[in-house]
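**Q** pasting the sequence and the predicted coordinates here, then a few questions.
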Amino acid sequence: MRKYLFSQDHKIIGLQYYLLALLAVFVSITFSVIMRLRLTWPSDVWFIMSKLLPTAFNQTGQMTPEFYLSLMTMHGTIMVFFVLTLAPQAAFGNYFLPLQIGAKEMAYPKLGLISFWLTFLSFCVLLSAFFVTGGAPLTGWTAYPPLSSIVSSQPGQARGMDLWLVSLSIFSLATILNSINFLITVITKRTTGMSLMRLPLTCWGWLATAMVSLLAFPVLLAAGLLLLFDRTLGTAFFLPSGLLIDGKVISLTDGLPLLWQHLFWFFGHPEVYIAILPAMGFVSHFLATFSRKPVFGYRSMVFATLAIALLGFLVWGHHMFIAGISPYLSMTFSLLTLTIAVPSAIKTLNWFGTIWGGKIQLTTPMLYSLGFISLFITGGLGGIFLGQSSLDIYLHDTYFVVGHFHLIMGSSAIFAIFAATAFWFPQIVGRQMNEDLGKVHFFITFLGVYAIFLPMHFLGIAGNPRRYAEISEFLYLNELQPLHKFITIAMLVTVNVQLLFLINLITSIFAGKKVKENPWKATTLEWTSSSPPSKDNATTIVYRGAYDFSLPGANKDYFMQTEDLPNNSLDNS
Amino acid sequence: MALAIAILIWLLAITITALFFFGSSFPALASNFSQIDNQFSLTLIITGIAFLLSHLLLGYFILKYQEKKSSIAKYHLGNLRLEIAYASLLIVIFITLAATSQNIWNKIYSSTPKNPLEIEAVAKQFEWQFRYHGSDNKFGRIDLTQIEKDNNPLGLDKNDPDGNDDILTGSELVVPLGESIRLYLRSQDVIHSFFVPNLRVKQDVMPGMLMKLHFQATKIGEYEIACAELCGLGHYRMKAKLKVVSKEDFAVWLRNNTKNDKN
Amino acid sequence: MTSVDIKEKSNDVTTGGGGNNNLDNFRGGGGGGDDSNDKNKTQPKEKKSSPMLFLLFAIIPIVMFFGAIIFVYIVREMGKAWKPISMPSAVVSSTLVLIISSFTLEIARSALKNKLLEKFKRWVMISTVLGIAFFTSQLVAWKQLMAKGVYMEATNPHATFFYILTGVHALHLLGGLLGLSYILLGAIYYRFTAEKRAAVDVATGYWHFMDVLWIVLFVLLFVWK
C-alpha cells in the first residue's frame, strides 16, 4: 500500500499520473462520442442511454441540450487539465526528468506525492459535479460570466459550477507545487557534468513548462476564487448591473465580465503551451534518436522553447478580438500572436533539419513523431488565420477554431504522448510494445485525426458556430449535416482503433518482446539505469551533450552522455 | 514502409490543399466587407504553399533517408544562418499579414459613417429582438423592471415620451440595401454574439456595455442571424432573420409598421 | 550556501555551453573549468536541494496570485460604483506590528548566527507574539468596519476587496506563523542542526515577504488613489 499508493518514488508517481491521465482520456472521449452522436442524430431515441441517465433526456426521449453542453464542458476541462497538462508534464516528467539529469530523486519527493493526490482529489471533485442537483456546468471550459456567475442562469450552474471551480482551484495548487518541484530539481539535482546546454531537449520542455505553469496557474486560482466569491458570497467582480435573469432584475455594481476573460486567457493561452512544450521536447528527442543524427540547431531549439514560453504570456488578447477591445490592443495582440509562430516555425525547420541526411528508422515512436510534425504544421497554419484580427471576426467561435486547436493542441500533443509511451515503454517495463500493432494504430489514427478535425475547418468556413447542441435550427447549417455525419463516423472508427493502443499497452506489459538495455541505442542517461529501473536510480558523471549520434570517424553511431573520451581518430584532430 | 508513408503524406497533402482551394467557400457575401474574403484568400495561398511544400518535403525526406538506403547519417549540428534567414522571411510575411489584416479590422470597428440608420438589437436567452427609433430619431429609455413578456418585452419606460413611437419587430431585422447601418447591441442577461455569416460580421454583446456595429448590406435577400457565444442550453436555437430590402420597400415597410404601432 | 550553489550553476551555463554537440566535447567536455575535474572523479557529488530556492519559487506564484487580484482591484477602482471606505484605525496598528515583527525576527536571526541561543529564543518568541498580535489587530479592523455597517457586498467593491485581500493575506501569513512556531519549538528544545538553521532563514524570508506584501496591500487599499 505504502509502496505503491503513497510512494514518494518519482517513478511510481509518474506512473500514477499516467494512469490518471489514461482514465481521464477514456472518460473524456466517451463524453465526446455521446456529444457527436447527439449532434448528428439529435432526434433519435437512444433507449439504453435514456434508461441509464433518465435526467439527461426529455419527455420525447431526446437528450437535452443542457446535457450536451455539460458533456462538452467536461470533455474540454478533462482533456485540457487532466490529459494534456498531466500526461506530458506530470507523468513523463516525474518519471524521466530525474533519470535524464542523473538525479537520485526529485528535489522534494513528498511534494510529488502531495501534488498527485491533490490532482486525484480534484479529478474526483470535478466528476462529482455530474451527481449534484442540476448536474455539471454547461459554460464550456472557459466559464464566461455572467453565465457562470449566476446560479439561476441555467441548470447546471448551481452546485455543479461551484464544484468545477473548487476542482480547478485544487488542480492549480497541485500543479504549482509540482512545478516548484520540477524547477528546483533541474536547478539543483543535475549530476556532475550535466550543464544546462547538455540537457536533453525533453528536459528543456519540462523546465519551460514548469516555469509557465508557475506563472499561469496562480492567475487561474485567483480568478477562480473571485468567481466563486461572486457565486457564493454575493460579491460582483464579474457581474455587471442591469441584468434580467430568471425574471429578476439584478442591479448591483459595475463588475466587468471582460475582466474574467482577461484573467482566464492570461492563464488559458499559456496553458496551450503547457501542453505542447513537453511534446515538442519529446519529438525533438525521438527524431534525433531515430535519425541517428544530432538535433539540428540544439541551441536555437532551446532558445525557441524559452521564447515560446515567454511569448505565450503576451498573446492572450487574441481570444477577445470581437469582445470589444480597443484597436491598439487588437493590433498588439495580433502582431504578437503571429510573432509566436516564428519560434514554432523555427522548431519545425529544425525538425526537418534533423531528419535531413539522417538514417531514418521507422519505429513506432518515430512514426508518431513524424505524425506529430504533420499535425503540428497543419494546426499551426490554421493559427495564421485565427491570429489575424480581421479573419478572426468571421472565424471566431466557429468550428474552424475547434478544428484548429484539436489539431495543434489535442492531436499533436496526444501523438507525442503515443510516441513517448512507445519510446520509454522498454525502459519502464523491460519489454517492448508490439511494433506491428503500433504501426496499424498509427496509420489509422493519423488518417482518422485528419478525417475528424480537417472537415471542421470547412464547417467553420461555412459559418457553423461551435457549442451548438444541434444544427437543425438553421437553414444554412442543415446543408452541413453530411459533413457532420462524416466527422462522426470518422470519429467512431478512430476512437475504436484506440482500443488497439490500449490492448497493446496492456498485453505488452506481460507478453511484450523482452529487450536488452537501451534497445533504441539512445544517448541519454535514463538508459543507463537498469530496466525496469530499480528503486534507486543510477547516477553517473556526464561527459558530453545529449545527442552525440553518428560522430564522424567513430566506431559506433552513438555515444551515451556517460561515455568518456573514445579512442578514435578524432581525438587527435 | 517508408514508401507507404511518403505516399500517404503526399496524397494527404494534395487532397487537403485541393479541398481547401476548391471545396470550401464562405456563404454568399451580402455586405461591404469583401476585404475579409480577400484577406482569407491571401492567407490561404500563403499557408497553402507552406503546407504543400512542407508535406512534400516531409514525404521526400522519409523516402530518401530511410535506413536501408543511407549508410551513415550526416553529422550536422545546425545552420544558424539558415535559421535566421528563415525567421526573417517569416517575420516579414507575418508583419505584412498582421498589418493588412489589422487595417481591415480597424475599418470594420472604427468606421463612423455619417447619418447611419440606427437600430437596436437586444439579446437575451434565447432570442434576438430589434427596435427602430421611429420618426423622432430617438430610442426610448429602458427600465428592466417594467418588462412584461407580451406587452412590453424590452421594458420600455412608459414615462418616457421618446419611446412612444419606437418600433419593435420581434426577431426580424429589416435593413435597406446599401444604406449605412449602425447597430446598437445590448444584452439583458449573459454574453451573446451577433453573427451573420453572410455579412461577415460578428460582435460579442457584453452585458453592461453598449456595443456598436456598422455595416452596409449589399445584396437583397433573407439571411440568418445566429448567436456565436455560448449563452445556455438554447444557444443553438437563438436565431433571428435578416431581411435586406430595397430602399423603396424599406420606406413602405417602415410606414406600415409605424401605423400599426400607433393603433 | 545557496548563493554559491546558484553561482556554480550559472557558471555551468557559460562554460559547459561550448556547444552541446560541439566537437570540443570530444576532447574533454565543453572546455569549462569544472569539466576538467570531471575526469578525476568516478562518482558524481551529491547535491543538496536548497531551501532558499524553494522560498523563491514559492514567492513567485504568490506574487502572481496577488497580482491578479490587484489587477482586478485597479480596474474596478476606475468604475462608477467605487465608493472609498474609511480606513479602520486598527489597520495602522497591524501594519506597525508587522513591520516591527520583521525587525525582531531579524534580530533573532543574527543572534542565531552569533550562536546566542538564549537571545535567539527570546526574540523568536517576541516575533511570534507580534505575529499573533497582527492577526488580532486585523480581526479588530474587520470588527470596526462591520460595526459601521460596512460588509462584503456587491454594492461596495472597496469593502469587498478589503475583506478579501486581508483575508487571503492572513491565510498566507498563517503559513508564516506556522513556520515561526516550528523554529520556536526548535529553539525551546535547543535543536540547532544545519537543517533547522536553514528553516530559520526560510521562515524569516517568508515573513519579510509577507510583511512587504502587506505594505503593498495597505498602500493599495488606503493610500494610493
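**A** Cool, got the structure. Residues are numbered from 1 along each chain as shown, chains lettered A, B, ... in the order given.

**Q** looks like residue A:421 contacts residue A:505 (just checking).
**A** Yes. In this structure, residue A:421 is within contact of residue A:505 by Cβ atoms under 8 Å, at 7.1 Å. All C-beta atoms are positioned from the backbone trio N, CA, C, and that covers glycine.

**Q** please say which of those two ends up with more neighbours.
**A** residue A:421 (23 against 19; other Cβ atoms under 10 Å in any protein chain shown).

**Q** shared neighbours, residue A:421 and residue A:505?
**A** Counting by Cβ atoms under 8 Å, 6 or more residues apart in numbering or on different chains, the contacts common to residue A:421 and residue A:505 are residue A:433.

**Q** just the CA atoms of stretch A:484-495, as CSV, please.
**A** Output of stretch A:484-495 as CSV, limited to C-alpha atoms (Å, rounded to 0.1, in the frame of the first residue of the first chain):
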residue,chain,number,x,y,z
HIS,A,484,-21.1,16.4,-39.6
LYS,A,485,-22.1,12.8,-40.3
PHE,A,486,-18.8,12.1,-42.0
ILE,A,487,-16.9,13.6,-39.0
THR,A,488,-18.9,11.5,-36.5
ILE,A,489,-18.3,8.3,-38.5
ALA,A,490,-14.6,9.0,-38.8
MET,A,491,-14.6,9.7,-35.1
LEU,A,492,-16.3,6.4,-34.2
VAL,A,493,-13.7,4.5,-36.2
THR,A,494,-10.8,6.4,-34.8
VAL,A,495,-12.0,6.1,-31.2
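
**Q** quick check, stretch A:401-411 touching chain B?
**A** No. Using Cβ under 8 Å from any Cβ of the partner chain, stretch A:401-411 never reaches chain B; the gap is at least 10.5 Å.

**Q** what sits closest to residue C:215 if chain neighbours are left out?
**A** Distances taken as Cβ to Cβ, 6 or more residues apart in numbering or on different chains put residue C:95 closest to residue C:215, at 7.0 Å, once the chain neighbours are dropped.

**Q** could you check how far that neighbour is from chain B?
**A** Applying Cβ to the nearest Cβ, to the nearest Å, the value for residue C:95 to chain B is 36 Å.

**Q** from residue C:217, how far out is that residue?
**A** Distance, residue C:95 to residue C:217, by Cβ to Cβ, to the nearest Å: 10 Å.

**Q** what's the burial count for the closest residue to residue B:188 other than its chain neighbours?
**A** Nearest in space to residue B:188, with sequence neighbours left out and distances taken as Cβ to Cβ, 6+ apart, is residue B:124 at 4.0 Å. Residues contacting residue B:124 under the criterion other Cβ under 10 Å number 23.

**Q** residue B:124 touches residue B:185, doesn't it?
**A** No. Counting by Cβ under 8 Å, residue B:124 sits too far from residue B:185 to count as a contact (12.0 Å).

**Q** anything in contact with each of these two?
**A** Counting by Cβ under 8 Å, 6+ apart, residue B:124 and residue B:185 have no contacts in common.

**Q** my read: residue A:431 touches residue A:512, true?
**A** Yes. If you go by Cβ under 8 Å, residue A:431 and residue A:512 touch, sitting 3.2 Å apart.

**Q** secondary structure element holding the residue lying closest to residue A:314 once chain neighbours are set aside?
**A** Nearest in space to residue A:314, with sequence neighbours left out and distances taken as Cβ to Cβ, 6+ apart, is residue A:336 at 4.9 Å. Using DSSP states H and E, the element containing residue A:336 is helix A:327-355.

**Q** put the alpha carbons of whichever helix or strand comes after that helix into CSV.
**A** Remark: after helix A:327-355, the chain's next helix or strand is helix A:364-386, criterion DSSP H and E. Once non-C-alpha atoms are left out, helix A:364-386 reads as follows in CSV (Å, rounded to 0.1, in the frame of the first residue of the first chain):
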residue,chain,number,x,y,z
THR,A,364,6.5,3.3,-33.9
PRO,A,365,7.8,6.2,-31.8
MET,A,366,9.4,7.7,-34.9
LEU,A,367,6.1,7.3,-36.8
TYR,A,368,4.2,9.1,-34.1
SER,A,369,6.8,11.8,-34.1
LEU,A,370,6.6,12.3,-37.9
GLY,A,371,2.8,12.3,-37.5
PHE,A,372,3.3,15.0,-34.9
ILE,A,373,5.2,17.2,-37.3
SER,A,374,2.5,16.9,-39.9
LEU,A,375,-0.3,17.7,-37.4
PHE,A,376,1.7,20.5,-35.9
ILE,A,377,2.2,22.1,-39.3
THR,A,378,-1.4,21.8,-40.3
GLY,A,379,-2.7,23.0,-37.0
GLY,A,380,-0.2,25.8,-36.8
LEU,A,381,-1.1,27.1,-40.3
GLY,A,382,-4.7,27.3,-39.1
GLY,A,383,-3.4,29.6,-36.4
ILE,A,384,-2.1,32.0,-39.0
PHE,A,385,-5.8,32.6,-40.0
LEU,A,386,-7.1,32.9,-36.5
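
**Q** between helix A:364-386 and helix A:327-355, how many degrees?
**A** 150 degrees (axes from the mean of the first three to the mean of the last three Cα atoms, to 10 degrees).

**Q** please report the distance of the closest residue to residue A:423 other than its chain neighbours from residue A:442.
**A** Among residues not flanking residue A:423 along the chain, residue A:365 sits closest, at 3.9 Å (Cβ to Cβ, 6+ apart). Relative to residue A:442, residue A:365 is positioned 10 Å away (Cβ to Cβ).

**Q** lowest confidence element among the helices and strands of chain A?
**A** Taking mean pLDDT, DSSP states H and E as the measure, helix A:47-52 is the helix or strand of chain A with the lowest mean score, a mean of 72.

**Q** following that helix, which helix or strand comes up?
**A** Sequence order places helix A:65-77 as the next helix or strand after helix A:47-52, per DSSP H and E.

**Q** residue A:391 is in contact with residue B:43, isn't it?
**A** Yes. Taking Cβ under 8 Å as the definition, residue A:391 is a contact partner of residue B:43 at 6.6 Å.

**Q** three-state assignment of the residue of chain B most remote from its centre?
**A** Distance to the chain centre peaks in chain B at residue B:71, reaching 54.6 Å (criterion: Cα atoms, centre = their mean). Using DSSP: H, G, I helix; E, B strand; the rest coil, the three-state assignment for residue B:71 comes out as coil.

**Q** quick one on the thing from earlier: just want to know which of residue A:365 and residue A:442 has more residues nearby.
**A** Each of residue A:365 and residue A:442 has its neighbours counted (other Cβ under 10 Å); residue A:365 has more, 30 against 26.

**Q** where does the prediction get shaky in chain C?
**A** Within chain C, the segments meeting pLDDT under 70 span C:1-49.

**Q** ok, 90 please
**A** Residue ranges of chain C with pLDDT under 90: C:1-52, C:76-86, C:112-118, C:149-157, C:182-199, C:223-225.

**Q** please apply the same query to the stretch 201-350 of chain A.
**A** Filtered on pLDDT under 90, the stretch 201-350 of chain A yields the residue ranges A:233-236, A:239-256, A:321-329.

**Q** where along it do the helices fall?
**A** Using DSSP state H, counting those that start in this stretch, the helices of the stretch 201-350 of chain A run over A:201-232, A:257-291, A:298-311, A:327-355.

**Q** all good on my end, thank you.
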